[in-house]
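*Asks:* Show me the folded form of this:
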Amino acid sequence: MSEKTTSTATQKYLIRDASSRAMNAGVSRLSDVELIALLPSNAGERGPYEKAAMLLSAFGSVRSLLTAGFSELSTHGVKERQFLTLHAGMELTRRHYQE
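*Replies:* The predicted model follows:
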């Protein structure tokens, strides 16, 4: 993504494209940015892809992003609901592997 804000139309296209590929080929085919961008979001001025890319850049890895606390994530614009969505997904995954 460029430094400039990507147009809303482009953002919507990217989300539709990622959603379509996820439904047809599985979510394992999506990039880290695409997966994060698909999470429910109120990205504000940034589109979901830009926000996802910014978060991955700020935290350096998916692991660092997912293990960051709410206070740390909130400084990057992550709302409480988004934080809980990330952690609910991790907990469901943990439970899946315990069964």
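*Asks:* Which residues are in contact with M54?
*Replies:* Residues near M54 by C-beta atoms under 8 Å, 6 or more residues apart in numbering: 46, 76. (C-beta placed from N, C-alpha, C; glycine too.)
*Asks:* could you give the mean pLDDT of the helix or strand where it lies?
*Replies:* M54 is part of helix 48-59, with elements assigned from DSSP states H and E. Per-residue pLDDT over helix 48-59 has a mean of 90.
*Asks:* Show me which parts of it are buried, residue by residue.
*Replies:* 48-56, 59 (16 or more other C-beta atoms under 10 Å).
*Asks:* Need the nearest residue in space to the spatially most central residue of the chain, chain neighbours excluded.
*Replies:* By C-alpha atoms, centre = their mean, the mean C-alpha position of the chain lies nearest to I36, the distance being 1.5 Å. Distance criterion C-beta to C-beta, 6 or more residues apart in numbering; nearest residue to I36, sequence neighbours excluded, is A52 at 3.8 Å.
*Asks:* Could you check how far that neighbour is from H76?
*Replies:* 11 Å (C-beta to C-beta, to the nearest Å).
*Asks:* and the helix holding M54, how far from the chain's centre?
*Replies:* 8 Å (C-alpha atoms, centre = their mean, to the nearest Å).
*Asks:* List the contacts of whichever helix or strand comes after it.
*Replies:* Using DSSP H and E, the helix or strand that follows helix 48-59 towards the C-terminus is helix 62-67. Applying C-beta under 8 Å, 6+ apart, the contact partners of helix 62-67 are 32, 36, 55-56, 59, 73, 86, 90.
*Asks:* between those, which is nearest Q11?
*Replies:* I36 (13.5 Å; C-beta to C-beta).
*Asks:* Tell me who's in contact with that closest one.
*Replies:* 48, 52, 55-56, 65 are the contacts of I36 under C-beta under 8 Å, 6+ apart.
*Asks:* For it, pull up the helix or strand it's in.
*Replies:* Here I36 is assigned to helix 32-38, by DSSP H and E.
*Asks:* Need the mean per-residue confidence for that helix.
*Replies:* Average pLDDT, helix 32-38: 83.
*Asks:* Having no further points to raise, I will conclude here.
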